[in-house]
Structures are given as structure tokens and as C-alpha cells.
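S.K.: sequence first, then the predicted structure, then my questions.
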Amino acid sequence: MGILGLSTIGLKTSSVERATDFYAGVLGGEVTNRREQPDRRVWVRLGGVVLEIAEVSPWVDLSDAARRQGPVFGLQVDPAGLNEIVGQLAAAGIPHHGPVLKLAGESVGVYFADSDGNGLSLSCSSGYPIAGLARRDPSWVPAPFEWSGLAKNARS
């Protein structure tokens, strides 16, 4: 008996549609379930983890200091996956920091947030070319941003 593994990670959003566009459209996750009642939620499988994303009323923006202390949902990727996702972030106009060397060691990271400000990172621990990469700027903080989602015809 005991903990067998991670079941889900719960995230909040002010728009289930926009979050679905981001996690399924930009990051390539698979929508596994949706519900409208008693509240709006979507479940997205992303890299073997299920995200349970609940729609809540918009909230007050956090300061940079408070966002810096918040949790970050990290995704392990291979070099090709890192480049592919960075390309998708750029194409969708999503602010991100990286690829950069992490603060210590030779792992490569990319830091960003969804449009609600939930912090995310990509981590590539080997195989990514590091020549010429700068170290992560610890002052860069993922933050909420204006993004209306992907156009219906731009989805893969």
C-alpha cells in the first residue's frame, strides 16, 4: 500500500476554451474528458500526466515577487521536442525565455506561462547543443498575457 504515482495536476483558468487551445493545440496534449456541470473543466493528457483544468472567475494579478515564488509545472523533453515546442510558442506569440542553460549544470531550459499565468518549463537534460547559450536570467518571471487562443483553422 502507498502512493503509486501522480494522478493529476490541477490548474485554474479563466477560459476552458483558451486553456484547451494552449495545452492541446500548442503543447500537443490530448483532451481526454470535458464537463460543463457543476463547473466547466477539461482534462488534458500531456506527456503521461493528466492536467485537470478548472474554469474559475478571473483573479487579481500577482506581483512579480509572488509569481517567482509560485509552483512551476516542468516537462522533460528531448532536443527535437524542445525545438518543436519553442517553435510553436513563437508561432502563437507566447512569451518565453530560452532555450537557455539552467542556472547550474549543462541542462537546457525554456520558461513560459499559459495565458492565466500558470508557470511552465521545458527541461532537456542531454543532447541539446549548448555552445553559445546564455545562462537563465533569474529575473525573468512568467506572467499572464493577452492571448485569445489559436484560430480554429490553425489547429493541428
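M.R.: Sure thing, it's come through. Everything numeric in this text was worked out from a predicted model, so none of it was measured.

S.K.: please name the nearest non-neighbouring residue to the most centrally placed residue in the chain.
M.R.: With distances taken as C-alpha atoms, centre = their mean, the residue of the chain nearest its centroid is Leu120 (4.0 Å). Leaving aside its chain neighbours, Leu120 sits nearest to Phe73 (5.1 Å; criterion: C-beta to C-beta, 6 or more residues apart in numbering). Any C-beta I mention is one placed from the backbone N, CA and C, and that applies to glycine too.

S.K.: circling back to that earlier point, surely the residue nearest to the centre of the chain and Gly98 touch.
M.R.: No - contact criterion C-beta atoms under 8 Å: Leu120 and Gly98 do not qualify, at 11.3 Å.

S.K.: which residues do the two both contact?
M.R.: With contacts taken as C-beta atoms under 8 Å, 6 or more residues apart in numbering, Leu120 and Gly98 have Tyr111 as neighbours in common.

S.K.: ok, which stretches of the chain are helices?
M.R.: With helices called from DSSP state H, the chain shows them at 16-20, 64-69, 79-91.

S.K.: Provide the contact partners of the longest one at residue level.
M.R.: Counting by C-beta under 8 Å, 6+ apart, the neighbours of helix 79-91 from elsewhere in the structure are 26-28, 77, 96, 98-99, 108, 110, 112, 122, 124, 127-129.

S.K.: restricting to C-alpha, output that helix in PDB.
M.R.: Only the C-alpha atoms of helix 79-91 are listed here, as PDB (Å, rounded to 0.1, in the frame of the first residue of the first chain):
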ATOM      1  CA  PRO A  79      16.200  18.100 -28.100                       C
ATOM      2  CA  ALA A  80      13.800  17.800 -31.000                       C
ATOM      3  CA  GLY A  81      10.800  18.200 -28.700                       C
ATOM      4  CA  LEU A  82      12.300  21.300 -27.200                       C
ATOM      5  CA  ASN A  83      12.800  22.900 -30.600                       C
ATOM      6  CA  GLU A  84       9.400  21.900 -31.800                       C
ATOM      7  CA  ILE A  85       7.600  23.400 -28.700                       C
ATOM      8  CA  VAL A  86       9.700  26.600 -28.800                       C
ATOM      9  CA  GLY A  87       8.700  27.000 -32.500                       C
ATOM     10  CA  GLN A  88       5.000  26.500 -31.500                       C
ATOM     11  CA  LEU A  89       5.300  29.100 -28.700                       C
ATOM     12  CA  ALA A  90       6.900  31.600 -31.000                       C
ATOM     13  CA  ALA A  91       4.300  31.000 -33.800                       C
END
